[in-house]
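Asker: Only the shape, not the letters, is given here:
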């Protein structure tokens, strides 16, 4: 099969910045409708025609601002990235050396589980980031920026892993954190949500305190039956 030609970066930028209030409202409507459609099904089923129909606008009106659905995904994820980094920076600024590990994890977890950041719609959007090379690049930037902030936070309340293991363990820590956040978003309205939150809190306290891992020991594996 022939290779798909990568789309140029220009195709993922908005065609036109909304200057008037009516135009800004239309842009926000397009973004809101796209998030709703992402929460209802997979990204590949979201189309510009479907977005325009749900928004009650013409396809030409949509194309005045966004050249394709990937450019809408790009704008949505860019905003989510900015909001996430802003929240992490606020958490960092509010912590002092006197704060305990438990306080740091609580501040971190409470901030990132706010519905605005940790919604099913946003997670569906994250899954859509593999639809073009430019979206993949933005997702990689998101991972780098978040990991840098988490690494800084970790150094404030726990001992970091040895330098030769740091990158690999940071990736592990990030994946555990993401799974916790995803699970909490999926159980937002569950009666067991508070129990899951407490379990995630304990798990993050463990995963970011590398020296405590030794206390876990090595699990014994029963011999296989003959």
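Answerer: Alright, I've got the coordinates. All values derive from a computational prediction rather than experimental measurement. Numbering: from 1, shown residues only.
Asker: What number of residues are in the vicinity of the nearest residue to residue 47 once chain neighbours are set aside?
Answerer: Nearest non-adjacent residue to residue 47, counting by CB to CB, 6 or more residues apart in numbering: residue 69, 6.5 Å away. For the C-beta atoms, the positions are set from N, CA and C on the backbone; glycine is no exception. A count of nearby residues for residue 69, using other CB atoms under 10 Å, gives 22.
Asker: Likewise for residue 174?
Answerer: By other CB under 10 Å, neighbour count at residue 174 equals 16.
Asker: That one sits in which helix or strand?
Answerer: Assigned by DSSP states H and E, residue 174 falls within helix 166-186.
Asker: Show me what that helix is packed against.
Answerer: Judged by 3 or more CB pairs under 8 Å, 6 or more residues apart in numbering; DSSP states H and E, helix 166-186 is in contact with helix 120-127, helix 133-157, helix 193-207.
Asker: can you pull the contacts of residue 53?
Answerer: By CB atoms under 8 Å, 6 or more residues apart in numbering, residue 53 lies in contact with nothing.
Asker: among the helices and strands of this structure, which has the poorest mean pLDDT?
Answerer: Lowest mean confidence among the helices and strands of the chain (mean pLDDT, DSSP states H and E): helix 133-157, at a mean of 77.
Asker: Would you mind pulling the contact partners of that helix?
Answerer: Counting by CB under 8 Å, 6+ apart, 6-7, 9, 11-12, 70, 73-74, 77-78, 81, 84-85, 88-89, 91-92, 95, 97, 99-101, 104-105, 108, 126, 128-130, 160, 170-171, 173-174, 177, 208-209 sit against helix 133-157.
Asker: Drop anything exposed from the residues you listed.
Answerer: With burial judged by 16 or more other CB atoms under 10 Å, the buried subset of the contacts of helix 133-157 is 7, 11-12, 70, 73-74, 77, 81, 84, 88, 91, 95, 101, 104-105, 108, 126, 128-129, 160, 170, 173-174, 177, 208-209.
Asker: Out of those residues, list just those in helices.
Answerer: When DSSP state H is applied, the buried ones among the contacts of helix 133-157 are split such that 70, 73-74, 77, 81, 84, 88, 91, 101, 104-105, 108, 126, 170, 173-174, 177 fall in helices.
Asker: circling back: got a list of contacts for the helix holding residue 174?
Answerer: Helix 166-186 has contacts (CB under 8 Å, 6+ apart) with 109, 112-113, 118-120, 122-123, 143, 146-147, 150-151, 154, 160-161, 193, 196-197, 200, 203-204, 207-208, 210.
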